[in-house]
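# no sequence for this one, just the structure:
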């Protein structure tokens, strides 16, 4: 086992960790707390993305009331000797898993439309929660019966620190989008509600900021411009790609000396799109990593965004039920080659299908968010309709969900859903 270079205590708050505290903002001046040589392998541990705000109980109001200003808590930053701006940081994901005997559960949330929202928040506006047991890599939930499968574990978030110039570019372009939405909410074509909530981007804020081991006075000032960790960007970040599992190799652009790599937001499993927003099985975890530096790789290889080679570890499902969606809204409005609308329709088709077996809509939503569904942009040229597909693996269920078994519905309970939604 590689040496543990970043350790967490899941029973302590994020700012009272036994060693270096994790960080939850992107800023070039957050100091590195782990040093590695090229070719070295290390183990890093990470809290769950909320820093322990959601626990193993049946209280959905933990999801309703999550403080989203303080996510995500990342392990690192890691300084890789010799890495310079313009290089590529080659990172091999050697192994990862739950923190056994310290944290052996995961959770999935439907976020309130008034606090986070999500892809289908107009259909599921109220907070709900499911808890998952982690038996090694196999997952099951007391809130979603008859579903048990080997999850596709991965970090939702990994990347290198931005340069000051890149940070300023991010803030400028995202603020422009916020301003545009405030001036004319209908100008954002894919916003699920066209209302103030949920917002279209998350600007910098000192509220909830944890700047790692930065000097407190400097941290307060830096947090005013530090980027939130919510979206993915050209440095990596919150990609939520389920295929970045064990055995994957990722090449990240380097923008600062030492790269200052960070990782976290681990998922025991997730479907393509993470459609419930907090849609994966969120967990605390460890990861074993090996670092190499590709000198001048950004220019020599024309790489300006992360590229990766997925690992070969399963699960490898063979049989699927696949649902098609087209770029026509639920209200019958024709959209032009809109894959976002098309994927929504494919998801809603799958949710309606799962209801035929006795699942509630909320349960079906969490199934799509956690089971390794395969989402595809199947067609983007046949005007006016884009076509998206969602393939649901039948092997994740302990009963037959093929179309030939339709009609075999039974009561399968429900998630825990808040009875006091936010107004």
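That came through, no problem. What you see is a predicted model; the values in this text were computed from it and never measured.

# which stretches in the stretch 1-150 of the chain count as strands?
Secondary structure of the stretch 1-150 of the chain (DSSP state E, counting those that start in this stretch): strands at 4-6, 34-36, 41-46, 74-80, 88-98, 105-110, 128-135, 138-141, 144-150.

# of all these, which lies closest to residue 341?
Among the strands of the stretch 1-150 of the chain, the nearest to residue 341 by Cβ to Cβ is strand 105-110 (20.5 Å). Bear in mind the C-beta positions are built from the backbone N, C-alpha and C, glycine included.

# got the angle between the worst-scoring helix or strand of the chain on mean pLDDT and strand 41-46?
Ranking every helix and strand in the chain by mean pLDDT, DSSP states H and E puts strand 277-283 at the bottom, with a mean of 89. Between strand 277-283 and strand 41-46, the angle comes out at 120 degrees (axes from the mean of the first three to the mean of the last three Cα atoms, to 10 degrees).

# just list what strand 277-283 packs against, helices and strands only.
Judged by 3 or more Cβ pairs under 8 Å, 6 or more residues apart in numbering; DSSP states H and E, strand 277-283 is in contact with strand 105-110, strand 128-135, strand 261-267, helix 361-370.

# and it, which residues are buried?
By 16 or more other Cβ atoms under 10 Å, the buried positions in strand 277-283 come out as 277-283.

# closest to residue 314 among those?
Closest approach to residue 314 among these (Cβ to Cβ): residue 281, at 16.2 Å.

# what sits against the closest one?
106-108, 132, 134, 139, 151, 267-270, 370 (Cβ atoms under 8 Å, 6 or more residues apart in numbering).

# what's the closest of those to residue 67?
For the contacts of residue 281, the nearest to residue 67 is residue 107 (15.5 Å; Cβ to Cβ).

# tell me the confidence at the closest one?
Per-residue confidence at residue 107 stands at 97 (pLDDT).

# what number of residues lie near it?
By other Cβ atoms under 10 Å, 25 other residues sit near residue 107.

# cool, and residue 75?
Residue 75: 30 surrounding residues under other Cβ under 10 Å.

# ok, the one 4 residues further on next?
By other Cβ under 10 Å, the residues close to residue 79 number 19.

# now residue 304
Residue 304: 10 neighbours (other Cβ under 10 Å).

# so it sits against residue 297, correct?
No - contact status for residue 304 versus residue 297: not in contact, 10.6 Å apart, counting by Cβ atoms under 8 Å.

# Three-state assignment for the closest residue to residue 190 other than its chain neighbours, please.
What sits nearest to residue 190 in space, not counting adjacent residues and going by Cβ to Cβ, 6 or more residues apart in numbering, is residue 340, at 4.4 Å. Of the three states, residue 340 takes helix under DSSP: H, G, I helix; E, B strand; the rest coil.

# ok, and the closest non-adjacent residue to residue 218?
In space, residue 218 is closest to residue 29, 7.0 Å off (Cβ to Cβ, 6+ apart).
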